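In: only geometry, no sequence info:
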């Protein structure tokens, strides 16, 4: 199983789209609080549509609670703009967790340090652009990991 880990997501539509991706791909979704919305947010449910209720989702109060969870992945990879290692150079394994930061702030420095050996980036042709949309980034990373795991 592949895990998608969203650290402090802010935009319900992104999380809803990611939830839908996880549901149709049999991936587990982890949401790390604080969230920028409530789980009952209509935008979240609209984006996730009827997939939200069948989604394998876990909501954690903080990073430590996530790490201690019986549902936590064995391996973690941080997707960030602060890495030179391209995501297709990573060796994803079954039960890997792909970690993505919030739309506005990414992840804190201490988490970058904690996952320093497992940080990857999605390359950009236009270096003046900051980053891709969160849901797009998750889709790119998830399908590369799924491709590697299923080979």
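Out: Ah, there it is. Remember, predicted model here, so these are calculated numbers, not experimental data. Numbers count the residues shown, from 1 in each chain.

In: Show me the shaky parts of the chain.
Out: Scanning the chain with the threshold set as pLDDT under 70 gives 41, 43-50.

In: which residues are contacting the lengthiest helix in it?
Out: When the chain is scanned for its longest helix (criterion: DSSP state H), the result is helix 134-150. The contact list for helix 134-150, computed with CB atoms under 8 Å, 6 or more residues apart in numbering, reads 2, 4, 6, 9, 11, 13-14, 17-18, 21, 25, 27, 77, 79, 87-88, 91-94, 96, 98, 100, 103, 120, 122, 131-132. C-beta here means a position set from N, CA and C on the backbone, and glycine is covered the same way.

In: In helices, which of those residues fall?
Out: 13-14, 17-18, 21, 25.

In: Reformat those residues as a markdown table; add distance to residue 35 and neighbour count.
Out: Shown next, in a markdown table, are those (distance: CB to CB, whole Å; neighbours: other CB atoms under 10 Å):
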| residue | distance to residue 35 | neighbour count |
| --- | --- | --- |
| 13 | 13 | 17 |
| 14 | 11 | 25 |
| 17 | 15 | 22 |
| 18 | 13 | 27 |
| 21 | 18 | 20 |
| 25 | 22 | 13 |
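
In: got TSV for those residues, with distance to residue 141 too?
Out: Formatted as TSV, the ones in helices among the contacts of helix 134-150 follow (distance: CB to CB, whole Å):
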residue	distance to residue 141
13	19
14	14
17	14
18	11
21	11
25	12
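
In: Tell me which residue of the protein is positioned farthest from its centroid.
Out: residue 128 (23.7 Å; CA atoms, centre = their mean).

In: residue ranges of the strands in this structure, please?
Out: With DSSP state E as the criterion, the chain has strands at 3-7, 28-32, 57-60, 75-79, 96-100, 119-120.

In: any chance of the ones you listed in JSON lines, plus mean neighbour count?
Out: What follows is these, written out as JSON lines (neighbours: other CB atoms under 10 Å):
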{"stretch": "strand 3-7", "mean neighbour count": "24"}
{"stretch": "strand 28-32", "mean neighbour count": "22"}
{"stretch": "strand 57-60", "mean neighbour count": "17"}
{"stretch": "strand 75-79", "mean neighbour count": "22"}
{"stretch": "strand 96-100", "mean neighbour count": "24"}
{"stretch": "strand 119-120", "mean neighbour count": "22"}
